[in-house]
Each structure stands twice: as C-alpha cells, then as structure tokens.
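Undergrad: Predicted model follows, preceded by the sequence.
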Amino acid sequence: MTKTPFAGREVRYQGGTLWLAAEGQSQVPVRLKGVAQEKVAKAEYGGDVKQIDPEHMPFVWRMSCPSLTDDDAYAELKQIIAAASKEMRDRFDLPLVLVVIDAVTSAANFRDANDASEAARVMNKLHALARAFSLLILPIDHFGKDASTGTRNSSAKEDLADCVLALLGEKSVEGAVTNPRMALRKVRGGTGGEADRRLLAGQMMGGWRHWRHASRHMSPMSLSPPPATTETCLQCLQCLHW
C-alpha cells in the first residue's frame, strides 16, 4: 500500500489489497489496526508515491471466500476481484495489486486434501486469476504437525507456487513464540533459503504461524500495473468491508 521496501527489497508498484477471510474473521480488524499504526503511519514516502491515511487505507476485506473447489469458483472470484478493483480505482485512484486468501484449506473445502490433482486444480485457478488481473495472489496455508515436511496435506500447493514465504518461530509449551523470522523457502528461477528477522521482530500477532504461497504469473520485477476494468457486481460490493 505504501510502496516501502518489503524485507529489504524494492516494491515496484503501489496499490491496494483485497483480503478474503475464510477463517479468523474476528482477527482481521485487529491486525489491520496493527498495520495502520506500525507500518502505514510510520512509512516514509517518496515523491512519486501517494501518501496513505492510516484511518482510510486502500484495503478491503470479505468475511468469506468462494469454495475454491467449486466449478464456478473462478467466475465468482473474478466478479469479486473486478468489483474490488473498480472501487479501489474510484476511492483511491490506485490499482488492486494483491489478493490474499486466508486460508487455503478453509477456502478450498477439499474433498480429499491429500489429492494432488485436486490441489493442483485450485492452484491453477489462482494462477489464471493472477494472469487475468495482472496481480499477485497470496494464499495462506498451515504447517502440518511436522514443520520439516512442509505445508499440510498435498505438496502440489507448494510445487505450483512461484514463491513460498515461511513465517517461522520457536513456540514453547506455554505458547510463547521466540525468534520470529521469515524465510524465502522457494522462489522460481532463484535461490531460496534466505531468512529475514527484520520484518517480524517485535511485531508477532496471533496466527503468524502460517506459510504463504505466492501464486503469480510473472516476477515482481516485471509485473505491470493491473488494467482498469468496468466489470462490477452490486452483490459483491455489498459484501466488501472498506
């Protein structure tokens, strides 16, 4: 939203975020307040960047997500994203550049979560949407009981992701989390394994135990701004929280 560096890397385009909360809906306002206070309010803006009001950010969220395994999931998500994209342009004169799905398992309603073909169909739908709107789709997923084996259930989710960011930490029996860090576990066409504590140190919030898969059609360095769209849906707009 602020075009400030992410984990020490340049952000090429400023834009808004759509968050589809298939779980943890009560925590979205809490985390959003933390982002406003700790990130947006303290951001340093360059000359070509729109300054963002912490009380009125280009962030919109929905208390549900279409079931990703349904046959009409692509069409439903396309309507939602188109509606959010149009409103983002109208309200903030900014493109929609990021769609977050929290979390994959809750949103997908897999018949068999271990079925690689079923997981692949879901990831391919997200890739298609990313291409259609020229934006980044970031599905959140959970570790299994053994974190060393990766995300829960089918490995097809990670295999088809262009990038995997792992949010890590050591958790005590009492529930205290220490050594929070983010690791670049996978990046297509690049080298993974890098860890960065700067992003998370002192800013841990409930639920940051997830992995994040980035489903996108091109690298951030070549990502072009999303095209404006005239598609909209009144019902979609009524479900969005700004």
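TA: Nice, thanks for sending it over. Since this is a predicted model, take the numbers as computed values, not measurements.
Undergrad: By residue count, tell me the biggest helix in the chain.
TA: Identified as the longest helix of the chain according to DSSP state H is helix 73-92.
Undergrad: For stretch 78-95, list every residue counted as buried.
TA: 78-89, 92, 94-95 (16 or more other C-beta atoms under 10 Å). Where C-beta positions appear, they are placed from N, C-alpha and C, glycine not excepted.
Undergrad: Widest-spaced pair of the residues you listed?
TA: Across these, the longest distance by C-beta to C-beta is 21.3 Å; it joins Lys78 and Phe92.
Undergrad: Would you agree Leu135 is in contact with Val100?
TA: No: counting by C-beta atoms under 8 Å, Leu135 stays clear of Val100, with 10.9 Å between them.
Undergrad: Of the two, which one has the most company?
TA: Taking neighbours as other C-beta atoms under 10 Å, Leu135 and Val100 compare with Leu135 leading, 26 against 19.
Undergrad: any idea how far the more buried one is from His142?
TA: 24 Å (C-beta to C-beta, to the nearest Å).
Undergrad: before we move on, what about Lys157?
TA: 11 Å.
Undergrad: hang on, the earlier thing: and of the buried residues of stretch 78-95, the nearest to Ser67?
TA: Distances from Ser67 to the buried residues of stretch 78-95, taken by C-beta to C-beta, are shortest for Ile80, at 13.0 Å.
Undergrad: can I assume the closest one is in contact with Ser64?
TA: No: counting by C-beta under 8 Å, Ile80 does not reach Ser64; the two are 9.9 Å apart.
Undergrad: between these two, what contacts are shared?
TA: 20, 239 (C-beta atoms under 8 Å, 6 or more residues apart in numbering).
Undergrad: any idea how far the top strand by length along the chain is from the chain center?
TA: If you go by DSSP state E, the chain has its longest strand at strand 177-187. Put simply, strand 177-187 sits 16 Å off its chain's centre (C-alpha atoms, centre = their mean, to the nearest Å).
Undergrad: same thing with stretch 60-79?
TA: For stretch 60-79, the distance to the chain centre is 15 Å (C-alpha atoms, centre = their mean).
Undergrad: which other helices and strands contact the helix or strand containing Leu126?
TA: Leu126 is located in helix 116-133, with elements delineated by DSSP states H and E. Judged by 3 or more C-beta pairs under 8 Å, 6 or more residues apart in numbering; DSSP states H and E, the packing partners of helix 116-133 are helix 73-92, strand 96-102, helix 104-108, strand 136-141, helix 156-160.
Undergrad: can you put those in CSV and add mean pLDDT?
TA: Below are these laid out as CSV (pLDDT from 0 to 100):
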stretch, mean pLDDT
helix 73-92, 96
strand 96-102, 96
helix 104-108, 92
strand 136-141, 93
helix 156-160, 87
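Undergrad: out of these, which comes closest to Val30?
TA: Comparing the helices and strands packed on helix 116-133 by C-beta to C-beta, strand 96-102 comes nearest, at 13.4 Å.
Undergrad: mind listing what that closest one pairs with, with the direction of each?
TA: Strands that pair with strand 96-102, judged by DSSP bridges, come out as strand 16-21 (parallel), strand 136-141 (parallel).
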